[in-house]
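Asker: the amino acid sequence is not available; the structure is as follows:
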Ligand SMILES: O=C(O)CCC(=O)C(=O)O
């Protein structure tokens, strides 16, 4: 049985730009995605970012866009119910898939995930874009749980992408070319922002708008790995908007649509859920 969102949860998503979903998928999916994490750590793809390869501590590892070659990730997208959660929250009639993103912080990983908004990193426009970030390990704020600025998705801001791990030669430095205003220094002025977050158990998810400001601190646990899989979903109003500084995994040469057209490219952005 897939999780159905309540009216209150859907309203909360619209008001706050993020909701916590207790046990969003069953334990079998957590185990299967943990196996994917192990596989990617040992077989990083061309899209992996690895701050400290092979190390057991202080290692921020991310990999993304693996759904095409990894049948387990495809199964998760099409069978776990996450697409339906995205569709219900966004009140969309249909949901297409953009990309999968594994995010691992080994024990004692210093690197925070900087405060950012997702949409400027992506080649889309539209309000109905969200992520379902699924905890694969138990995660407290000490272990790098995500935090969000409540309601920031409604401010009409488009923030310039921040570089993850702040490295000029970082494989993610394509983001440098992005436009937009600078993200405010939220950490230095936390009291000025309405910041929310949750302790999570493996299998819990946070579902958030691509317009909502969010971050995660480093992993201060000296013993526990922090692992998550984030999946990115496109609703009815999403149009193709390739631009400088957008993620190079999918570019104009990969799609059959032009700027301003709906993201209706079945091969690249498969239709996964319909009302
Ligand atoms: O897991 C993290 O540290 C950050 C994840 C994130 O920013 C995202 O899923 O959009």
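Answerer: Right, received. Where do you want to start? What you see is a predicted model, and the numbers here were worked out from it, not measured in a lab.
Asker: kindly report the residues of the stretch 151-275 of the chain close to the ligand.
Answerer: Within reach of the ligand by Cβ under 6 Å from any ligand atom, the stretch 151-275 of the chain has these residues: 214, 216, 228, 230. Glycine gets a C-beta too; all of them are placed from N, C-alpha and C.
Asker: from the contact counts, what lies against the helix or strand that contains residue 272?
Answerer: According to DSSP states H and E, residue 272 maps onto strand 271-274. Strand 271-274 is packed against helix 82-90, strand 94-105, with contacts defined by 3 or more Cβ pairs under 8 Å, 6 or more residues apart in numbering; DSSP states H and E.
Asker: partners of that strand, with directions?
Answerer: Sheet pairing for strand 271-274, assigned by DSSP bridges, gives strand 94-105 (antiparallel).
Asker: wait, does the strand it pairs with contact the ligand?
Answerer: Yes. Using Cβ under 6 Å from any ligand atom, we find that strand 94-105 touches the ligand at 101, 103.
Asker: after that strand, next one along is what?
Answerer: Going down the chain from strand 94-105, the next helix or strand is strand 113-116, by DSSP H and E.
Asker: centre of the chain to that following strand, how far?
Answerer: 12 Å (Cα atoms, centre = their mean, to the nearest Å).
Asker: can you name every helix or strand that that strand contacts?
Answerer: Using 3+ Cβ pairs under 8 Å, 6+ apart: strand 113-116 touches strand 214-216.
Asker: the helix or strand following the strand it packs on packs against which elements?
Answerer: Downstream of strand 214-216, the next assigned helix or strand under DSSP H and E is strand 226-234. For strand 226-234, the elements it packs on are helix 27-42, helix 71-79, helix 82-90, strand 94-105, strand 129-135, judged by 3+ Cβ pairs under 8 Å, 6+ apart.
Asker: may I see the helices and strands packed on strand 271-274 organised as CSV, with mean pLDDT and mean neighbour count added?
Answerer: Below are the helices and strands packed on strand 271-274 laid out as CSV (pLDDT from 0 to 100; neighbours: other Cβ atoms under 10 Å):
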stretch, mean pLDDT, mean neighbour count
helix 82-90, 98, 25
strand 94-105, 98, 23
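Asker: so where is the stretch 151-275 of the chain shaky, pLDDT-wise?
Answerer: Counting by pLDDT under 70, the stretch 151-275 of the chain contains low-confidence ranges at 164-172, 175.
Asker: mind redoing it with 80?
Answerer: Applying pLDDT under 80 to the stretch 151-275 of the chain flags residues 163-179.
Asker: which residues does the residue nearest the centre of the chain bridge with?
Answerer: The residue lying closest to the centre of the chain (Cα atoms, centre = their mean) is residue 230, at 4.1 Å. With DSSP bridges applied, residue 230 shows beta-bridge pairing to residue 101, residue 133.
Asker: pretty sure it sits against residue 135.
Answerer: No. Residue 230 is not in contact with residue 135 according to Cβ atoms under 8 Å; the separation is 10.4 Å.
Asker: out of the helices and strands packed on strand 226-234, nearest to residue 255?
Answerer: The closest approach between residue 255 and any of the helices and strands packed on strand 226-234, judged by Cβ to Cβ, belongs to strand 94-105 at 11.5 Å.
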